[in-house]
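Asker: Provided below for reference: sequence and predicted model.
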Amino acid sequence: MPFINVKVMGGVLSQDQRTEVAERMTDAFVAVAGEPARSVTWVVVEEIGGGGDWTMGGRAVTTDAVKELLAGAPA
């Protein structure tokens, strides 16, 4: 029984977006393992703090900065 844990910055994705991430992660696993794996695949989308709790390249990354970045991303 696969367990997929996706960690995202808190406050960045909506509930609908987190649900879509979970669905697509399941689809990706099933594409490799086969359809019978769908019913036993667990996906947890875990929100982890924001506001400087994350760093990239040794520099703090804020929730607002990620929202701004994603606002420019194609849907």
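Answerer: Okay, I see it. Numbers count the residues shown, from 1 in each chain.
Asker: Buried residues, the longest helix along the chain. List them.
Answerer: Determined from DSSP state H, the single longest helix within the chain is helix 15-33. By neighbour count, and taking 16 or more other Cβ atoms under 10 Å as the criterion, the buried residues in helix 15-33 are 18, 21, 22, 25, 26, 29, 30. Quick note: C-beta positions are derived from backbone N, CA and C, even for glycine.
Asker: Contacts only, for the first one.
Answerer: In other words, residue 18. Contacts of residue 18 were listed using Cβ atoms under 8 Å, 6 or more residues apart in numbering, and they are 8, 45, 47.
Asker: re the thing from before, go through the buried residues of helix 15-33 and name the one nearest residue 56.
Answerer: residue 21 (19.7 Å; Cβ to Cβ).
Asker: ok, for that closest one, nearest residue in space, not its chain neighbours?
Answerer: For residue 21, the nearest residue in space outside its immediate sequence neighbours is residue 45; the separation is 5.4 Å by Cβ to Cβ, 6 or more residues apart in numbering.
Asker: surely the one you found meets residue 20?
Answerer: No - taking Cβ atoms under 8 Å as the contact criterion, residue 45 and residue 20 are not neighbours in contact, 9.6 Å apart.
Asker: Which ones among the contacts of residue 18 lie within strands?
Answerer: For the contacts of residue 18, the ones inside strands are 8, 45, 47, with DSSP state E as the criterion.
Asker: hey, what's the last one bridged with?
Answerer: Read it as residue 47. Assessed by DSSP bridges, residue 47 has beta-bridge partners residue 8.
Asker: To what extent is it buried, counted in neighbours?
Answerer: 14 (other Cβ atoms under 10 Å).
Asker: quick one on the thing from earlier: how about the ones in strands among the contacts of residue 18 in CSV, adding distance to residue 60?
Answerer: Output for the ones in strands among the contacts of residue 18, formatted as CSV (distance: Cβ to Cβ, whole Å):
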residue, distance to residue 60
8, 17
45, 23
47, 18
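Asker: That's all I had, so thanks and see you.
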